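**Student:** Build me a model:
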Amino acid sequence: MSTKPWGTPSRKLGADSKHVPKTHGSVGLLVIGLGGANGTTMLAGILANRKKLNWYGPRGEGPIEANYNGCITQLNQKGVHGGVGYKDKVAGLADANYAAVGGWDIRPTKLGDALFEGQILDYDLVKQVREEMNGVPVFKGYYDERFIGTSQHDTATHVLSAEEVPTASEALKCIRADIRYFKWKNGVVGHTTVIWSASVEPNSEFCAPGGGLDTAQDLMKSIEMTEEERGGPLPPSLIYATAAIMEGCSFVNGGSQNTMCEGLADLARQQLGVYCLGTDFKAGQTKFKTAAVEYLRTMGLTPKVIASSNHLGNNDMHNLATGKKASDAKLRVKHNIFAAWEEDIDHKVSIMYTPMINDEKRDFVEYTSLGFLSQHHTMVTYTRASDSVLCVPLMIDAAVWCDYFSRKSWHYENVAKALAYLFKVPEGAAAGVDPGFFRQMQELENQVMAASEAGSKKGASGNATKRSVKFKESKMEEILTEWAIPSGTGIVCAGLACVDMQLISATGNGGEAIETFAGEKSMGGGSVSMACKNLAKLCHIDPLHDDYMQVTPPVVSSIVPLCKAGMDDTGNKLINLLEETGSCGNVDTKFIKNARNRDPSARTGLAVLPIYQDGRRGCFFDAGSNATFSATEMVEMMEDVTANSGETNYGAFLFGYPHLLPKMQGEALAHVFSKARNMMTDGGIMVLDLNGVPETKVQTPFGSMCSASVLKSDPILGPALSHVDILHMNEDELVNLTGVQFEGDEINDKNALSGAASLFLKCGVAVVAITRGKQGCFIKCSNDERFASSKMLPSTWIDQEVSVGASLLPPETEINSNGAGDSFICGLLISAMLRHTGLDMSEEISSPQKTNKPNVDIDSESLEDLVADSVATTKAPTPYSLYMREKYVALKNESTGGDKKSLFSKCHQMWEAESGEIKKMYERRCKEEIETAKTTPNTPTAKDIDPSPIANEEKKTLPKRDLELANQPMNLETAAQFASLIAAKHIDMSTRDDKHLNINKIRDQSTASQDNLLEI
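**Tutor:** Predicted coordinates:
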């Protein structure tokens, strides 16, 4: 078996600083077999509609205008009774003109040339799109000649080599990397659907019922195996489908093979808004068959024999003609389309390959039924149409419907039934549905309208909670942690947001000369973007494998950004950047999307930031929609969150940058906070983060400051201060607001800080946090009366005041301090929300004794013993803990003097100043200790831990739960250190863009207190 984890793609995404997405990317459409007749016809059709092309037919008819005939998601209702069009019937359907199209193919032919060679569409149209289609890149296909007819072998040269993908596990990584690259390259902000439109594969014994792929774990285990261990190959379609689902995409099986195994469906069900659908598109003759037989049954006749023959000469039929097993898979589907009806229908199908006919299918069907007194009733139909022209509308509709239902978080089973009309044999969750075409269309209508109505009605049938990764207790090991947010409450992040566009290596000093730059890099800017980025990366454990995993448990189950984004490209980019923060899938942007059409002319905020070659930085800021973002709009968005969040509860409201939001200041800001308080569990925690505070115009004598009454009358903040639980600002902003002045004397300045913070406490704020750059932070808290009105705040913080130094970074560390304050307040908020679970992960599992002391006073001897003890605990050693234990003992033995805290602090400073090589050395040592622990007979392993709530008394393998520790918060000093370390990780360029941040490691480094080395 390969030693590499299956979640680690061997190819990394390329960083193209010059890249600008070419489409709006409303939805993503990835096609396996993009160079085939279906893929090229679809791309040509989308381009023709996007460009509004006209052309003439082969006999000079025309001009013909581009249209989406056959795509019911792109057509308006027709006639008096509405017809079947949904475009003007349901709000929110994606526009196919803005779809991003890509995919894979095993042939190297350029797409425009393949369209020309296919001879399907009118030549006058082909020549208008050929050149642009030739420029569309195509990923190399994953190829196994055992799953394709011999006629395809010679042309299969555009494939992933055996060196690139020696195993199915490596193929999975490559395909996942392709999907991520596609989304990034095209700026996709909607849902992406991966469609199998390649040649039909033979059926796989592994995908059949009882074939060993019955659960998601069975599927992943099988992919990790080598072919020898597994006992045979897995079909490429299964690897593509698995990759799609793991990347949060839906998968549609447009072929006839039995890809839709139970394990694949189980994997899809673990994420709301991700669907696995099939099998085999019901495009032409079969669709009419289901309608015709439904007509016969409705007339009271009994269909008994349906005999059909069809012939055509496209590549798919060529593959079937040279692959007996693939042909059998095709006939399996065709013969089973009426299986759900009780009549014993003798359904026979004959397929023939006739090269001259090309893609224009000819189909003859005879229907024989029993009429009155069992007399025979026979009718015949004849169909002639391009197979691809019939199939492409189904592909487009499948992608648009998946996007629509995904944004509604509609249940998997309901979506499978709704889209059963697309397939010859609905399988998976849709197995057994009525095969009648009109019955299926009615089911689609029912589900679409129910989903639409659920947008304004909470708890509608089929509706679900926000889209996020689910963990099935029966499938995955329980995650044990000392610290967690009670009840898994989420956080709402609101306020200013924009896109920061950095111009790399810019030239110029102003003037009218043409200046240059070497590419751009876009990132989320403003309070909302920064908060989402910092909160989304927080997790309870390290990634199970790497950044390509989606199963790392997040600390915050749901993060809802609320800002104003326009319908422009910048708005699409902003939403895309918000969704990409972290990798736990816990940022839900649907409420921003829902609000975009309220002001369609709004221009999304944009900051252009030239980074000059000499190191200077410039800033050109267009506030855009932030300048018009009103309290009314914010409240409407919050009401949408309340109505459409299902069972998700929210425990905190973080609002940023009111000085830069002119429509949300003063009483309007107070109104927003009042409404936010009402939507939170137990009132939640209300946080206000300041930025852009103008310089003070009030002159105060040296050593004095303004009064609390002046702050209460502040036109921007005054009315809102009594609603704020945690207020954050930096030292300069404190000076601008209060007029306080600092002398540079440590004691006097601390007194001045305390006095200035007290002014805000008098205005009704519960906690005032002031960041001071390299000097660290200062936090002051109000009395028990104020804390009583905010139940979620830690009661241990009452009347506390703390000053903590900044976290030290090695001298050579490259630093970017932009957003440091945002990361600090996120860390402080999380520390205020976390509560101890009562599990003592550092205690020996085998020990029967139970301590009643939450705080353990550790002397030098017991600290030295930790090196040996840590191996016998459930809490694995970390590089940091190994280093701290060694250095503490060394300093103690050197008799350098100092109490325990000073020694501990010195050890911590030494660690922060160590080079990367030293830290890597301790990482290796840590891994060695863990491996040693696994082989030690007396050391319990993960398998020894009983995952059930009630531990087996004889095993004594679960960490002890101390009820005195349970629900205890961090004390204020630890919380301040925790927040400072979060900020340090953000400003350090080597860790700034990490997708995961283990809070338990951060917590381990935040345990110094006045009295103990370890405390709550």
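
**Student:** Give me the spatial nearest neighbour of L609, chain neighbours excluded.
**Tutor:** Q502 (4.9 Å; CB to CB, 6 or more residues apart in numbering). Any C-beta I mention is one placed from the backbone N, CA and C, and that applies to glycine too.

**Student:** Show me what the strand or helix carrying that neighbour is packed up against.
**Tutor:** Using DSSP states H and E, Q502 sits within strand 498-506. Packed against strand 498-506, as judged by 3 or more CB pairs under 8 Å, 6 or more residues apart in numbering; DSSP states H and E, are the following elements: strand 520-525, helix 569-580, strand 606-612.

**Student:** can you pull the buried residues of it?
**Tutor:** C498, V499, D500, M501, Q502, L503, A506 (16 or more other CB atoms under 10 Å).

**Student:** Rebuild these as CSV, extending it with distance to I223.
**Tutor:** CSV is the format used below for those (distance: CB to CB, whole Å):
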residue, distance to I223
C498, 41
V499, 38
D500, 39
M501, 40
Q502, 39
L503, 43
A506, 46
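
**Student:** Out of those residues, which comes closest to E132?
**Tutor:** For these, the closest approach to E132 (CB to CB) belongs to M501, at 26.4 Å.

**Student:** do you know how far that closest one is from A565?
**Tutor:** M501 sits 15 Å away from A565 when distances are taken as CB to CB, to the nearest Å.

**Student:** Select, out of the helices and strands packed on strand 498-506, the one closest to L213.
**Tutor:** Nearest to L213 among the helices and strands packed on strand 498-506 is helix 569-580 (30.3 Å), distances taken as CB to CB.

**Student:** any residues touching the host helix or strand of A757, and which ones?
**Tutor:** Using DSSP H and E, A757 sits in helix 746-762. Contact partners of helix 746-762, identified using CB atoms under 8 Å, 6 or more residues apart in numbering, comprise 703, 705-708, 711, 721, 727, 734, 738, 740-743, 768, 770, 778, 780-782, 786, 801, 803.

**Student:** same question, stretch 786-805
**Tutor:** So stretch 786-805 is in contact with 651-652, 680-686, 725, 750, 753-754, 761, 764, 766-767, 775-784, 832-833, 968-973, 975-977, 980, going by CB under 8 Å, 6+ apart.

**Student:** in stretch 289-298, what counts as buried?
**Tutor:** Within stretch 289-298, the residues that qualify as buried are K289, T290, A292, V293, E294, Y295, L296, counting by 16+ other CB under 10 Å.

**Student:** check which helix or strand covers the fourth one.
**Tutor:** According to DSSP H and E, V293 maps onto helix 285-298.

**Student:** still on that earlier bit, show me the contacts of helix 746-762 that map onto helices.
**Tutor:** In helices, defined here by DSSP state H, the members of those are A708, L711, L734, T738, R786.

**Student:** Find the residue closest to the second one in space, skipping its chain neighbours.
**Tutor:** Which is L711. Going by CB to CB, 6+ apart, L711 has C763 as its nearest residue, at 5.2 Å.

**Student:** Show the model's pLDDT score for the spatially most central residue of the chain.
**Tutor:** Taking CA atoms, centre = their mean, the centroid of the chain lies closest to G585, which sits 3.2 Å from it. Listed pLDDT for G585 reads 73.

**Student:** Can you classify it by secondary structure?
**Tutor:** Per DSSP: H, G, I helix; E, B strand; the rest coil, the secondary structure class of G585 is coil.
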